[in-house]
Structures are given as C-alpha cells and as structure tokens.
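S.K.: Here is my input; please provide its structure:
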Amino acid sequence: MANDIKRFDPFSDINRFEPLRGLDQLFRDFRLAPGFGELPAEPLIKMDVAESETAYTVKAEIPGAKKEDITIDIDKNQVSIKAETHREFQDKDGEKLVRSERYFGQQYRSFTLAHDVDQEKASAKYENGVLLLDLPKKAGATSKKLPVH
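M.R.: Next up is the predicted model:
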C-alpha cells in the first residue's frame, strides 16, 4: 500500500519547464468556439498587372460572377474592382447538400497604378471567369525624375 502514495510536489511543473504546455489546447478551444469554426475564408480577386509604354493590362480571376455583377471604378490612377456572386438554390428530390465550399457574396479589390488612366479609352472584357482590363495611360501624365545636386 505504500507504493500507491505519491508525494505532492508543487514545483514539479517549474522543474520540467514547459511554458507552452497548454497552448495547443487553447487554440483547439478557440477553433471550436461557436461561430469561429464556421467562418468562410473570403477569397481575394487574384490578378496580374502588366505595363507597357502606353497602357496597363490587368487580368483578374473572378470565378462564378456574371458580367452584370462586376463594377469597375477608375479615379485617376486608382482602380477598384467589385464583384458579387449569388447563391443558386436548386432543390432536387431525394438529394441534400452535405458540404458547400463555394463562396457567395461580395469581393473587392483596389489598387494604385504609377500613371493616371485615360478613362475614356479604357475597356473591360469578362470571359470564362477572367476579367481583362485594358487601361491606357493618360497622355502627358509622365513621371519625372529629379536630379539630385
């Protein structure tokens, strides 16, 4: 019976020095908290921007959007793209949705270019989930390098 008795040592945790011992449990509890595990990751509009002497070309991926739901705003050298995707409800007999990973809602992307854009000559085309913007540079809006004396 003497083998069943253990001596209590209040400093045993300090002797082992495990300061982050309960950290994994803290994150596990946070992830399982109501509302936090169900937050969808909002995708960004992914894009490529190329520059030539006279214009910028932007290719932006906006899958699932219709061209009527895409808005492009140009203010001098500031370009903003906003797209909205809608959830499509289809009830089929004997079938239920088990998991949905597609994003529905608004997506927004804004960026600044080095030169002002000629808004009158700018054009946009949307095809197969890719938005193609042709943004000509405004005439006379060239950058100037200052020499250091």
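
S.K.: Flag the shaky bits of the protein, pLDDT-wise.
M.R.: 1-3, 9-43, 88-93, 100-103, 141-147, 149 (pLDDT under 70).

S.K.: residue ranges of the helices in it, please?
M.R.: 12-16, 23-31 (DSSP state H).

S.K.: any idea how far P63 is from D118?
M.R.: Applying Cβ to Cβ, to the nearest Å, the value for D118 to P63 is 29 Å. Heads up, the C-betas are built off the backbone N, CA and C, glycines and all.

S.K.: Number of residues surrounding G105?
M.R.: Using other Cβ atoms under 10 Å, G105 is surrounded by 12 other residues.

S.K.: beta partners of it?
M.R.: T85 (DSSP bridges).

S.K.: Was I right to think it contacts K82?
M.R.: No. In this structure G105 lies outside contact range of K82 using Cβ atoms under 8 Å: 11.3 Å.

S.K.: Distance check, the residue lying closest to D48 once chain neighbours are set aside against G129.
M.R.: Spatial nearest neighbour of D48, excluding adjacent residues (Cβ to Cβ, 6 or more residues apart in numbering): K59 at 4.7 Å. Per Cβ to Cβ, K59 is found 11 Å from G129.

S.K.: Q119 now?
M.R.: As judged by Cβ to Cβ, Q119 and G129 stand 25 Å apart.

S.K.: and if you look at I74?
M.R.: Per Cβ to Cβ, I74 is found 22 Å from G129.

S.K.: Could you do P63 as well?
M.R.: Using Cβ to Cβ, we find P63 at a distance of 4 Å from G129.

S.K.: give me the number of residues near I74?
M.R.: I74 has 17 neighbours, counted by other Cβ under 10 Å.

S.K.: for it, which residues make a bridge with it?
M.R.: V79.

S.K.: Equivalent analysis for P136, please.
M.R.: Beta-bridge partners of P136, counted by DSSP bridges, are A55.

S.K.: That one against H115, yeah?
M.R.: No. P136 is beyond contact range of H115, at 9.6 Å (criterion: Cβ under 8 Å).

S.K.: Good, wrapping up.
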